[in-house]
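# got a predicted structure here, sequence first:
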Amino acid sequence: MRVLVCGGAGYIGSHMVRRLRAAGHVATVFDNLSTGHRAAVGDAQLVVGDLRRQADLEAVLAGDRFDAVMHFCARSLVGESVMQPYDYYDNNVVGTLNLLQAMRTAGVDRLVFSSTAAVFGLPQADRIDETHPIAPINPYGASKAMAERILADAAVAYGLRSVALRYFNAAGATPSGEIGESHDPETHLIPNVLRAALGQGAGLKVFGNDYPTHDGTCIRDYVHVDDLASAHLAALEYLQTQPGAHSFNLGNGNGFSVLEVIEAAVRVAGHSIPYTIEERRSGDPDVLVASSERARSVLGWHPRSADIEAIIASAWRWHRSPRY
Ligand code: UDP
């Protein structure tokens, strides 16, 4: 298949591009390089453009006969979204709407969309499945929930086929060492822990130890970026036969607290990692753990790297010698 990968220069998108090509598909990357990296695209075709400019989208979609689009472009930081909601709705809602309109004009009717656990807001169950209420508590989650709603309406009105994949916490890096997670500034836990282990950065901060969890720190479900890529391939396959708008939660079903992640990183690095306890970060729910039974049974998705130490070890290889 010929697949347009919007956001293919970013962390998850670049892993997807490699996976698509390894599976024999042709991937074209569309990215504004605001947070992505040219080097992450490798030798796939890169078209630099912005979702907020309709002409950019129309041009890239007119340039080839794409069978499907994967849409990874987004602003994705909870705390930033609380401070800059207009940017989040502009990029994540308006940008997605622009893309859908351009796809319709070009006659492309299949989309795999990057969604997030943040659409659920405060968890009402130990493991969050697809029946959990959609009740985001920050603009990031709200922007993705709005985009999902647009996909559902587009299925009815225009016959768009879509799968929204709600990632819990993406982590790790592909074993080749060519690509990995690289944000500036870095806000995510595992890269920050590993940078602290390397003596880099301004010091590791643990945001809050007064949450109602066993050690007071927030619990998240970390899922390997290559496993997320596998789920996208399965979703692409699923859309071959399934009309409508579908959504799946992607996680390992195991929660780890911030302190447990630090302990696992200490085992991987082989030495202690200093940190300080700070105030809570705005917009963080206490626990987010997925039930991915639906992805397993319907998509046949089986994450390979469910072990937190293995996930951190793969990220550690990247952070010790990042290429960008
Ligand atoms: N966190 C932390 N220190 C950091 C980065 C994150 O204590 O330097 C915490 C954060 O408050 C949250 C968890 O780690 O409870 C995961 O945060 P991350 O930003 O990695 O992902 P999110 O869950 O926000 O998507």
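Perfect, thanks for sending it.
# who in the stretch 1-150 of the chain is up against the ligand?
By the rule C-beta under 6 Å from any ligand atom, the part of the stretch 1-150 of the chain lying against the ligand is Val78. C-betas here are computed from N, CA, C, even on glycine.
# quick one: the strands in the stretch 101-250 of the chain?
Applying DSSP state E, counting those that start in this stretch to the stretch 101-250 of the chain gives strands spanning 110-116, 161-167, 169-171, 204-207, 219-220, 222-224, 245-250.
# what angle do the last one and strand 110-116 make?
Between the axes of strand 245-250 and strand 110-116, defined by axes from the mean of the first three to the mean of the last three C-alpha atoms, to 10 degrees, the angle is 40 degrees.
# quick check, the helix or strand following strand 245-250 touching the ligand?
Moving toward the C-terminus from strand 245-250, the next helix or strand (DSSP states H and E) is strand 256-257. No. Using C-beta under 6 Å from any ligand atom, strand 256-257 never reaches the ligand; the gap is at least 8.6 Å.
# near the ligand, which residues of the stretch 201-324 of the chain?
Contacts of the stretch 201-324 of the chain with the ligand, taken as C-beta under 6 Å from any ligand atom, map to 205-207, 218, 220, 258, 281, 284.
# turn the residues you listed into JSON lines, including neighbour count, pLDDT and distance to Phe168.
As requested, these are exported to JSON lines (neighbours: other C-beta atoms under 10 Å; pLDDT from 0 to 100; distance: C-beta to C-beta, whole Å):
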{"residue": "Lys205", "neighbour count": "16", "pLDDT": "98", "distance to Phe168": "22"}
{"residue": "Val206", "neighbour count": "21", "pLDDT": "98", "distance to Phe168": "19"}
{"residue": "Phe207", "neighbour count": "17", "pLDDT": "98", "distance to Phe168": "18"}
{"residue": "Cys218", "neighbour count": "25", "pLDDT": "97", "distance to Phe168": "12"}
{"residue": "Arg220", "neighbour count": "26", "pLDDT": "97", "distance to Phe168": "7"}
{"residue": "Val258", "neighbour count": "25", "pLDDT": "98", "distance to Phe168": "15"}
{"residue": "Arg281", "neighbour count": "15", "pLDDT": "91", "distance to Phe168": "17"}
{"residue": "Asp284", "neighbour count": "16", "pLDDT": "87", "distance to Phe168": "14"}
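# for the closest residue to Ser14 other than its chain neighbours, give its distance to Trp316.
Using C-beta to C-beta, 6 or more residues apart in numbering and skipping residues adjacent in sequence, the residue nearest Ser14 is Ala40, 3.8 Å away. For Ala40, the distance to Trp316 equals 19 Å [C-beta to C-beta, to the nearest Å].
# again, but for Ser297
Distance from Ser297 to Trp316, counting by C-beta to C-beta: 33 Å.
# more neighbours, these two?
Between Ser297 and Trp316, Trp316 has the larger neighbour count (other C-beta atoms under 10 Å), namely 21 against 9.
# surely the more buried one touches Val193?
No. In this structure, Trp316 is not within contact of Val193 by C-beta atoms under 8 Å, at 9.6 Å.
# quick check: neighbours shared by these two?
By the contact definition C-beta atoms under 8 Å, 6 or more residues apart in numbering, Trp316 and Val193 are jointly contacted by Ala265.
# give me the beta-bridge partners of Asn249?
On the basis of DSSP bridges, Asn249 is bridged to Arg166.
# residues near the nearest residue to Thr187 once chain neighbours are set aside, how many?
Distances taken as C-beta to C-beta, 6+ apart put Leu77 closest to Thr187, at 5.6 Å, once the chain neighbours are dropped. Neighbour count for Leu77, taken as other C-beta under 10 Å: 19.
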